[in-house]
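*Asks:* Got a predicted structure plus its sequence, pasted below:
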Amino acid sequence: MSLVFKASNDMASAELELAFKDRACTVIFGPSGSGKTSLLRAIAGLPSPLAVTELTVNGANIRHLAPHQRPIVLSAQNAALFPHLDVQQNLVYGLKRRYEYTPDIQKVVERLGLSTLLKRKPASLSGGEAQRVALGRALLSNPLWLLLDEPLTNLDQNARKDIVRFLNDWRKQRQIGVIYVTHDIPEALAIADQVITLAKGKLLKSGDPDVLLGYQDPQQELSTVVSARLSQHHKQDKLSELLLDGNRLLIPEITTVDGTKTLYLQIAAKDVSLALQRPQRTSILNLLPCTVSKIEISREASATITLNLGSQHLLAKVTRRSVRELDLQVGQKVWAQVKGISLQT
Amino acid sequence: MALPLVLPPTVLGFYLLIFFAPDTALGQLWLTLTGSPLSFSFSALVIGSVIYSIPFVVQPLQSAFQQIPVGILESASSLGATPLDRFVSIVMPMCKRSFITAGCLGFAHTVGEFGVVLMIGGNIPGETQVLSIALFDSVERLNFAEAHAVAGGLLMFSLVVLISLYRLNPANTNSSWVSR
């Protein structure tokens, strides 16, 4: 029970073959121009450079169906709201035309923060507001498969977290499959059951969110994603202790997570500094013993050091001068001091 | 479709007159169906005027349709709207002003038509005589009182059409939702 997609692509001269798990959220990840939007458009039945050779939903062939006949709704990146309809009318547009069900319009309006906008016309909405309306419109049309193309790019970090949480609740309750395109690793980790990474129209990797570990988007700030498990809470300090391949990590207290779940942490390269000996009497809590596995000197003043930490990797951005003064070598043991960690639940 | 824009109206009228004659296939068919000949009838006038005025209606509509972003129609289709549904629920309301503009232009253009109407209608009073030809007749008969009445009436009508068009389209664009 799933969505199977096959296409040939002139650009990459290769067959693209993907399987999306039923009732799961698959995140499509990749830099601009990697074919993410083309893929969604091809699945929705809209013009796309991909020539679809097979498209089945739960075994039924839907390749020849027109977009309005497919059990699939695509919400495009630019919102594409109907300018002559107000927000309320936009929200129910798909609802009136898709499947018979009792929608919870009120809940969508509340959770997406649209209650004060209902009578407004799209021309008067900000980019973020328009995106929330477009998302609500897609959710309310209640498809079997929901395709979302960077639905939250114009929203701030807090609003994104709230909406991602709502989207997770909604899709689980409705048991719909979601294919979600994003550039943003935290967002991807927060929602993904399955991750597919693309580059230049080709499949790079497909699998658990672990696929994103060590993934580096050339267009984003340098960072790495590592996985860890919750070990205990330090109530007095309002901290939670995690284990990352046997190493202790402290982060601000988390309460919502059960101990068996794998947690994904994003660590920016600029937040990692290096010391040759274990630093004493430092305010930095997280000190990790690592081995240098690669040193890349950039054209500017900086250098990027890849560190092995058990089976995982960390990146550290330091200056060239530090590389010289510490005399860093591949294979050398160092201590990584981690200043900032963002946790994705 | 754009040919009537540049073709002299009398030329169009001449060919239509030939085409509508009772000895052509169309003339025969019309005669069999209705029992009266098509040439020099009011029906012929209507058909001729439609052909003559079509570009004045189609062009404003076409440019309005082209200004609708494709993405909007695509998202409507993805949300489950059939092609006809998309036309009724998206295209028509978005181009409402252009439909009215096109209707007004087409109507005003038809009212003022002379050459085509004279050719295929034949100026039969009570049957195929239209206002613009009646005006010409009055002047020929030197009946200036009647000519003034007809000309004044047509002038008023044109002003009313223009004023209502500008009221509808303050920016004088075909689809002001784009420029708003």
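*Replies:* Nice, thanks for sending it over. No experiment lies behind these values; they were computed from the predicted model shown.
*Asks:* C-alpha from now on. contacts and neighbour counts both.
*Replies:* Fine.
*Asks:* how about stretch A:153-163: buried residues?
*Replies:* With burial defined by 16 or more other CA atoms under 10 Å in any protein chain shown, the residues of stretch A:153-163 counted as buried are A:153-155, A:159-161, A:163.
*Asks:* Show the model's pLDDT score for B:Ser98.
*Replies:* Looking at B:Ser98, its pLDDT stands at 89.
*Asks:* Now do whichever strand or helix holds it: which elements does it pack against?
*Replies:* Using DSSP states H and E, B:Ser98 maps to helix B:96-111. Helices and strands touching helix B:96-111, by 3 or more CA pairs under 8 Å, 6 or more residues apart in numbering or on different chains; DSSP states H and E, are helix B:42-66, helix B:144-168.
*Asks:* What average pLDDT does the helix or strand that it is followed by get?
*Replies:* Later in the chain than helix B:96-111, the nearest helix or strand by DSSP H and E is helix B:115-121. Helix B:115-121 shows a mean pLDDT of 84 in the predicted model.
*Asks:* Who are the packing partners of helix B:115-121?
*Replies:* The contact analysis (3+ CA pairs under 8 Å, 6+ apart) places helix B:115-121 against helix B:9-20, helix B:42-66.
*Asks:* Give the buried residues for the first one.
*Replies:* Think helix B:9-20. B:9-10, B:12-14, B:16-17, B:19-20.
*Asks:* Check which helices and strands it sits against.
*Replies:* In terms of contacts (3+ CA pairs under 8 Å, 6+ apart), helix B:9-20 is packed against helix B:25-34, helix B:42-66, helix B:115-121.
*Asks:* repeat that for 7 Å
*Replies:* helix B:115-121 (3 or more CA pairs under 7 Å, 6 or more residues apart in numbering or on different chains; DSSP states H and E).
*Asks:* thinking again about what came up before, looking at the helices and strands packed on helix B:115-121, which is nearest to A:Ala190?
*Replies:* Among the helices and strands packed on helix B:115-121, helix B:42-66 comes nearest to A:Ala190, with 40.7 Å by CA to CA.
*Asks:* What helices and strands are in contact with whatever helix or strand comes next after the closest one?
*Replies:* As assigned by DSSP H and E, the chain's next helix or strand after helix B:42-66 is helix B:70-78. Applying 3+ CA pairs under 7 Å, 6+ apart, one finds that helix B:70-78 contacts strand A:72-75.
*Asks:* could you give me the average pLDDT of the next helix or strand after the strand it packs on?
*Replies:* Remark: after strand A:72-75, the chain's next helix or strand is helix A:87-91, criterion DSSP H and E. Averaging pLDDT along helix A:87-91 yields 93.
*Asks:* hmm, helix A:87-91 in reach of chain B?
*Replies:* No. Against chain B, helix A:87-91 shows no contacts by CA under 7 Å from any CA of the partner chain, the least distance being 10.1 Å.
*Asks:* For whatever residue of the stretch 151-300 of chain A ends up closest to chain B, give me its contacts.
*Replies:* Of all residues in the stretch 151-300 of chain A, the one sitting closest to chain B is A:Pro151 (13.9 Å; CA to the nearest CA). A:Pro151 makes contact with A:77, A:131, A:135, according to CA atoms under 7 Å, 6 or more residues apart in numbering or on different chains.
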